[in-house]
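Engineer: Provided below are the primary sequence and the corresponding predicted coordinates.
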Amino acid sequence: MVCCPQGKGGDDDDYEPGSKKLARKPKASPKKRKTDEDDDSDEDWGKKKKLSVPAKKGPAAGRGKKSAFTKSFKLSPELADVVGSDVMPRHEVVKKLWAVIKERELQDPANKQYAICDDQLLKVIGVKRFRTFGMMKHLKDHFLEAA
């Protein structure tokens, strides 16, 4: 039984198991083009060339009008007493309340998702223990009107 006819690549006589006929060359990585920003001088190291873009000024520069999340609200007297200001955006109120919880060590030691209210915070929140990630549902009644 003949597997391959002679002359068609069936030469098994010169096969050696440890040698390879074609040695593969590693592919050369594509060379990067040198740009103006890639110069090798030590004096400009760490300094990028700045594009000439005019600087924008104001609280929400370049963002258009204020969104509902950044709108300032007049706060109830109880909440204003806790956070220290009577007009503040909602995200700032949450940030201040987190600072108060951390400062007074009000997080529940058994489960850090919950906070235990002290007397001042109990007037605002209304419950003795609340879930901190859901604190806005307790605070929504304390945002009186848009300022």
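Structural biologist: Nice, thanks for sending it over.
Engineer: need the helices for the protein, in chain order.
Structural biologist: Secondary structure of the chain (DSSP state H): helices located at 77-83, 90-103, 119-125, 136-139.
Engineer: buried residues, the helix or strand of the chain with the lowest mean pLDDT. List them.
Structural biologist: Sorting the helices and strands of the chain by mean pLDDT, DSSP states H and E puts strand 143-146 at the bottom, at a mean of 89. Buried positions in strand 143-146, judged by neighbour count with 16 or more other Cβ atoms under 10 Å: residue 143. In this view, the C-beta of every residue, glycine as well, is placed from N, C-alpha and C.
Engineer: again with stretch 130-144
Structural biologist: Buried residues in stretch 130-144, counted by 16+ other Cβ under 10 Å: 130, 132, 135, 138-139, 142-143.
Engineer: max pairwise distance over those residues: which two?
Structural biologist: Spatial extent of the buried residues of stretch 130-144 (Cβ to Cβ) is set by the pair 132 and 143 at 18.1 Å.
Engineer: go ahead and name everything in contact with the least confident helix or strand of the chain.
Structural biologist: With Cβ atoms under 8 Å, 6 or more residues apart in numbering as the test, strand 143-146 has contacts from 71-76, 90, 93.
Engineer: just curious, which of those residues is nearest to residue 29?
Structural biologist: Distance to residue 29 across the contacts of strand 143-146 (Cβ to Cβ) is lowest for residue 90, with 51.4 Å.
Engineer: residues near the spatially closest residue to residue 133 that is not a sequence neighbour, how many?
Structural biologist: Excluding its sequence neighbours, the residue lying closest to residue 133 (Cβ to Cβ, 6 or more residues apart in numbering) is residue 113, at 6.7 Å. Counted with other Cβ atoms under 10 Å, the neighbours of residue 113 add up to 11.
Engineer: hang on, residue 86 packs against residue 74?
Structural biologist: Yes: using Cβ atoms under 8 Å, residue 86 is in contact with residue 74, at 6.5 Å.
Engineer: out of the contacts of strand 143-146, which sit inside strands?
Structural biologist: Taking DSSP state E as the definition of strands, those contribute 72-75.
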